Structures are given as C-alpha cells and as structure tokens.
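**Student:** The sequence and its predicted three-dimensional model are supplied below.
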Amino acid sequence: SNTDPTSWLPGGATRAPMWIDMRLAETEFSGQTGTLGCWVRPIPDQCGGSRTVNAVVTLGKDWWKPVWQIGGARWYVGEAPTKQKQGKLAARGVEKGLLETESNEGWHFLALAWDTETVVGSLDGRPFARTPLAPGQPVPGSQLRLGGSFLERVPMTGDLDEVVLFDRRLTDAEIASLAS
C-alpha cells in the first residue's frame, strides 16, 4: 500500500510512500476531450481519525498551469486551478465516503470524463457531479503523476491500480462498464 515503505526495491532498499511520475508527452494527451480513470483501494485510518485519500492521479505541472486531477476534495479539468472558474468538481462527499469503513471497504473505480463543454465525475460507474468547463492544454514539461498531486505535494493514502487515459469522453454507460 502507499501508506507503508516499499519493500520491493532492488537490494532490499525501502523508501517512504511516494508517487510515480512520467512525462505526459509520452501519452499524446491533448487535454481537449478525454477520460481519466483508475481503481483505488483507500486505507481508512485505523485510529478512527479523518485521514484523507488525497489526489490519486494528476496530469499537469503546478497551480499556475492546466491540471487534470482525480481524487481529493476537489477534482480539476483544464485551466490552472488558480485561474479556473469552470471545470472544478466538488468531491468532498466522495472523499469522505471512501473512508467509511463499514460500507465502502475494497476497490472503487474513479473516473473523470470531459468534452469541450462539460466535465463529469464518477464513483463506481455512477456520476456524482457535472459542471461546465473551458478545456485547457498541457504545457511543455507536464507530467502524469500516479499516487499524488502537483498541487498539495502529498502522496495518496491507499492503493492504485489500472489507470486508464482515453483521448475521448466516454459515455456514462462506458464508464459504468469499466467500473463493473
């Protein structure tokens, strides 16, 4: 899990929880239309506290550049979060719900799908929010970060699996199919 030090590094070395970065240019991501999805298994705080999952997958560079982000209390699509009037999805309820130990243990599918006018956030194949947006374009040097965010610079709490990135907006039915 991302909450424990790694044990699989060569030579038996370990490191603290972290994220994995790759150059976004290697994906041919345009930012104009698309779908970003992943499977997440949150790890609730064993002490009953309020530890958050945090951002799970982020594409972009920093607060001042276009960002696409799943996870955390706010999901983003397009323009830089500091300038963005559209394309922000409130996801605090999703974040909180993922940590309810009785009803939401196990793996969950998170998805963010957008076209040139609207963005939709989904949890387990069901949309939880829609909002208008003005799409952005990634800037040179943008990264794909698995397991964290460029914004808060905090690793996610939990496990991440099967990240998907499509160059078109999948329909709600297609997202539900991926989540099943």
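**Tutor:** Cool, the structure landed.
**Student:** what's in contact with the lowest-mean-pLDDT helix or strand in the chain?
**Tutor:** Across the helices and strands of the chain, the lowest-confidence element by mean pLDDT, DSSP states H and E is helix 92-98, at a mean of 74. Helix 92-98 is contacted from outside by 40, 42, 52-53, 71-74, 103-104, 108, 110, 121, 123, 128, using C-beta atoms under 8 Å, 6 or more residues apart in numbering. In this view, the C-beta of every residue, glycine as well, is placed from N, C-alpha and C.
**Student:** Pick out the most distant pair among those residues.
**Tutor:** Farthest pair in these (C-beta to C-beta) is 74 and 103. Separation: 23.0 Å.
**Student:** Which of these two has more residues huddled nearby?
**Tutor:** More neighbours surround residue 74 than the other of residue 74 and residue 103, with 15 against 6 (other C-beta atoms under 10 Å).
**Student:** now the more buried one, which residues is it bridged with?
**Tutor:** residue 90 (DSSP bridges).
**Student:** So, low pLDDT: which residues of the chain?
**Tutor:** Filtered on pLDDT under 70, the chain yields the residue ranges 1-17, 44-52, 79-86, 97, 99-104.
**Student:** So what does the most centrally placed residue in it have for phi and psi?
**Tutor:** Centroid-nearest residue in the chain, with C-alpha atoms, centre = their mean: residue 70, separated by 2.2 Å. The phi/psi pair for residue 70 (degrees, to the nearest 10) reads phi -110, psi 140.
**Student:** start at 14 instead
**Tutor:** Got it, first residue is 14 now, which makes that one residue 83.
**Student:** Would you list the buried entries among the contacts of helix 105-111?
**Tutor:** For those, a burial check counting by 16 or more other C-beta atoms under 10 Å picks out 53, 55, 65-66, 84-86, 121, 123, 134, 136, 141.
**Student:** what's near enough to touch residue 124?
**Tutor:** Residues counted as contacts of residue 124 (C-beta under 8 Å, 6+ apart) are 48-50, 83, 134-135, 138, 183, 188, 191-192.
**Student:** where do the strands sit along this protein?
**Tutor:** With DSSP state E, the ranges of strands along the chain come out as 33-36, 47-55, 68-73, 81-84, 87-89, 101-103, 121-127, 131-136, 139-145, 156-159, 171-179.
**Student:** tell me what the fourth one is packed against?
**Tutor:** It refers to strand 81-84. Packed against strand 81-84 by the contact rule (3 or more C-beta pairs under 8 Å, 6 or more residues apart in numbering; DSSP states H and E) you find strand 47-55, strand 68-73, strand 87-89, strand 121-127.
**Student:** May I see the buried residues of stretch 178-192?
**Tutor:** By neighbour count with 16+ other C-beta under 10 Å, stretch 178-192 contains the buried residues 178-179, 182-183, 187-189, 191-192.
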